[in-house]
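# no FASTA, just this:
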């Protein structure tokens with residue numbers, strides 16, 4: 001847990017172990033439909049203010065390495081997510097990677113056009 005807390009803290013994510021009753025009260029006040037009392041064991045919350053996906057990635061990686069740590073669910077915005085949805089969320093590329101792919105996709109037609117125009121000049125130079 002110490003290594004997990006340290007890794008999460010390095011990314012600006014807080015990890016708190018809180019009583020289920022308090023979590024239920026906070027979720028009810030926030031308008032999230034999730035009952036934490038039905039879940040087994042102690043509940044730890046990884047709360048990220050900056051990157052929504054990073055907390056899921058780090059906790060999923062730690063859950064693979066430690067069999068005692070289990071993902072039981074999560075919340076994204078006001079939506080309750082299942083274990084499978086959190087694991088799928090953890091497999092998404094980071095925000096920077098998605099932005100890089102987006103810019104590459106936008107740039108592809110322009111760079112293709114430039115290569116076509118440069119191809120004629122290359123052909124002339126080769127002749």
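Cool, the structure landed. Predicted model only: the values in this text are computed from it and were never measured.
# Which residues outside the helix or strand hosting residue 60 are in contact with it?
Here residue 60, judged by DSSP states H and E, is contained in helix 52-65. Contact partners of helix 52-65, identified using CB atoms under 8 Å, 6 or more residues apart in numbering, comprise 3-4, 7-8, 11, 13, 46-48, 69-71, 74, 76, 86-87, 89-90, 92, 94-95. For glycine as for every other residue, the C-beta is placed from the backbone atoms N, C-alpha and C.
# can you rerun that using 10 Å?
Under the criterion CB atoms under 10 Å, 6 or more residues apart in numbering, residues 1, 3-4, 7-8, 10-15, 44-49, 51, 69-71, 74, 76-77, 81, 83, 85-95, 98 lie in contact with helix 52-65.
# which parts of that helix are buried?
By 16 or more other CB atoms under 10 Å, the buried positions in helix 52-65 come out as 53, 54, 55, 56, 57, 58, 59, 60, 62, 63.
# how near is the last one to residue 36?
According to CB to CB, to the nearest Å, residue 63 stands 18 Å off from residue 36.
# taking the contacts of helix 52-65 one by one, which sit in strands?
Among those, the members falling in strands (DSSP state E) are 13, 14, 15, 44, 45, 46, 47, 48, 74, 76, 81.
# Just the buried ones from the residues you listed?
Buried by 16+ other CB under 10 Å: 13, 15, 46, 48, 74, 81, out of those.
# Show me which of these is closest to residue 123.
residue 48 (53.3 Å; CB to CB).
# contacting residues around the closest one?
Contacts for residue 48 (CB under 10 Å, 6+ apart) come out as 8, 11, 12, 13, 14, 54, 55, 56, 58.
# Could you pull out the helices in this protein for me?
2-10, 20-30, 52-65, 83-90, 95-126 (DSSP state H).
# Thanks a lot, catch you later.
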